[in-house]
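**Q** no sequence on this one, just coordinates:
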């Protein structure tokens with residue numbers, strides 16, 4: 001019998017004399033959907049001393065000025081300092097996060113340091129049964145596949161916890177999302193290590209596209225080609241069964257003929273394709289190829305789409321963000337109601 005996934009929330013304490021700052025961070029972190037941390041706060045020195053003596057603190061996010069209060073009491077806690085620009089030399093052996101940045105970025109850095117420094121295990125039992133993997137693929141170039149997949153993810157993210165993964169050799173999204181310390185190549189690397197803190201690693205890499213979560217795609221086609229298809233399958237299975245995402249949207253490119261093996265893991269598959277002669281010929285050829293590979297189960301999941309015309313070409317990221325509120329977003333909401 002399938003059981004719900006249970007993830008243990010790590011006990012994170014923020015210790016800072018600025019009560020408004022500490023409270024805003026605590027409330028933001030505790031409202032996060034993935035909720036990997038249960039955050040509490042200390043805003044007075046005596047509160048910190050009492051918490052260190054009486055509470056179970058797994059992660060301590062603390063202002064440098066209070067370090068003398070806790071340096072003799074810290075035993076196994078993962079200590080991360082809130083930095084306002086620089087730290088005293090004696091504290092530079094500890095990880096630090098810049099205090100005056102977004103709470104989202106601070107949480108991402110904490111997740112990274114926690115997985116790196118503490119290696120704390122997370123408790124998982126059973127397998128999720130209520131989430132979905134939606135594939136978006138097309139054998140037809142210029143079909144609007146990626147624009148559709150991103151807009152689909154954004155529409156779903158209005159009411160669900162959604163992760164978008166781009167499995168293309170050359171997605172172009174790295175140019176749009178800007179520089180990132182980590183991408184999908186790094187996620188695969190950490191997955192190969194079979195470390196118990198992988199869930200924290202994954203969440204430390206997640207970026208936001210409005211409400212949609214995504215992991216920056218591989219920025220090198222050589223890195224992408226070095227990932228075996230069974231590794232992609234195992235990673236997807238792990239995310240599906242052990243993360244708290246309600247939906248994973250897979251934006252698939254050509255994977256050296258291995259698309260059917262990935263598509264088999266999808267609950268539904270959208271295939272954008274034009275109605276012109278060549279587009280339909282390519283689609284028919286691809287469907288025959290799938291059939292030859294004994295992919296009847298894949299064909300049964302396909303929903304071939306003729307996407308509405310976007311009108312003028314998308315010329316900016318702002319226009320891409322706006323698509324859920326325009327014709328394509330309306331079209332997708334209609335699909336999801338069917």
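**A** Now that the structure is in, tell me what you want to look at. Everything numeric here is computed off the predicted structure, so don't read it as measured data. Numbering: from 1, shown residues only.

**Q** pLDDT-wise, which helix or strand of the protein ranks last?
**A** The helix or strand of the chain with the lowest confidence, counting by mean pLDDT, DSSP states H and E, is helix 173-177 at a mean of 66.

**Q** Could you measure from the residue most central in space within the chain over to residue 87?
**A** Computing the C-alpha centroid of the chain and ranking residues by CA atoms, centre = their mean puts residue 206 first, at 3.9 Å. Residue 206 sits 27 Å away from residue 87, going by CB to CB, to the nearest Å. Every residue, glycine included, has its C-beta placed from N, CA and C.

**Q** Repeat that for residue 107.
**A** From residue 107 over to residue 87 (counting by CB to CB), the distance is 20 Å.

**Q** ok, now residue 331?
**A** Distance, residue 331 to residue 87, by CB to CB: 52 Å.

**Q** Then residue 150?
**A** Between residue 150 and residue 87 the distance is 40 Å, computed by CB to CB.

**Q** Name the residue in the two with the higher neighbour count.
**A** Neighbour tally, residue 150 and residue 87, criterion other CB atoms under 10 Å: the higher count belongs to residue 150, 26 against 16.

**Q** Okay, and the more buried one sits in which element?
**A** Using DSSP states H and E, residue 150 sits within helix 145-156.

**Q** Can you list the helices and strands that that helix packs against?
**A** Using 3 or more CB pairs under 8 Å, 6 or more residues apart in numbering; DSSP states H and E, the elements in contact with helix 145-156 are strand 132-136, strand 162-167, strand 207-209, strand 212-214, strand 247-252, strand 268-272, helix 317-322, helix 327-337.

**Q** and if we set it to 6 Å?
**A** strand 162-167, strand 247-252, helix 327-337 (3 or more CB pairs under 6 Å, 6 or more residues apart in numbering; DSSP states H and E).

**Q** ok, back up a step: tell me the average confidence for the next helix or strand after the least confident helix or strand of the chain?
**A** Next helix or strand after helix 173-177 toward the C-terminus (DSSP H and E): helix 184-192. Helix 184-192 shows a mean pLDDT of 86.

**Q** Which positions in helix 184-192 come out as buried?
**A** Neighbour-count burial for helix 184-192, with 16 or more other CB atoms under 10 Å as criterion, is recorded at 184, 185, 186, 187, 188, 190, 191.

**Q** Among those residues, pick out the one closest to residue 232, please.
**A** residue 188 (8.2 Å; CB to CB).

**Q** what about the residue lying closest to that closest one once chain neighbours are set aside, is that helix, strand or coil?
**A** Leaving aside its sequence neighbours, residue 188 sits nearest to residue 227 (CB to CB, 6 or more residues apart in numbering; 5.4 Å). Secondary structure, DSSP: H, G, I helix; E, B strand; the rest coil: residue 227 is coil.

**Q** what about residue 227, neighbour count?
**A** 19.

**Q** Please apply the same query to the one 10 residues further on.
**A** Applying other CB under 10 Å, we find 13 residues neighbouring residue 237.

**Q** quick one: average confidence on the longest helix along the chain?
**A** In the chain, with assignment by DSSP state H, the single longest helix is helix 277-292. The pLDDT scores in helix 277-292 average 91.

**Q** Give me the contacts around the following helix or strand past it.
**A** Downstream of helix 277-292, the first helix or strand assigned by DSSP H and E is helix 296-301. Residues from elsewhere that reach helix 296-301 (CB atoms under 6 Å, 6 or more residues apart in numbering): 260, 263, 268, 269, 290.

**Q** Quick check: buried residues in helix 296-301?
**A** Of the residues in helix 296-301, those buried (16+ other CB under 10 Å) are 298, 301.

**Q** Can you give the distance from it to the centre of its chain?
**A** Computed by CA atoms, centre = their mean, to the nearest Å, the chain-centroid distance of helix 296-301 equals 27 Å.

**Q** so after that helix, what's the next helix or strand?
**A** Sequence-wise, the next helix or strand downstream of helix 296-301 (DSSP H and E) is strand 302-305.

**Q** quick one: contacts of that next one?
**A** 269, 270, 271, 272, 273.

**Q** Tell me where the model's unsure across this structure.
**A** For the chain, applying pLDDT under 70 flags the ranges 1-10, 33-36, 74-77, 115-130, 174-180, 195-197, 256-257, 310-313, 315.

**Q** domain parsing for it?
**A** 10-118, 132-337 (automatic domain parsing).

**Q** from the middle of its chain, how far away would the first one be?
**A** Shown here is domain 10-118, whose average C-alpha point lies 23 Å from the average C-alpha point of the whole chain (CA atoms, centre = their mean).
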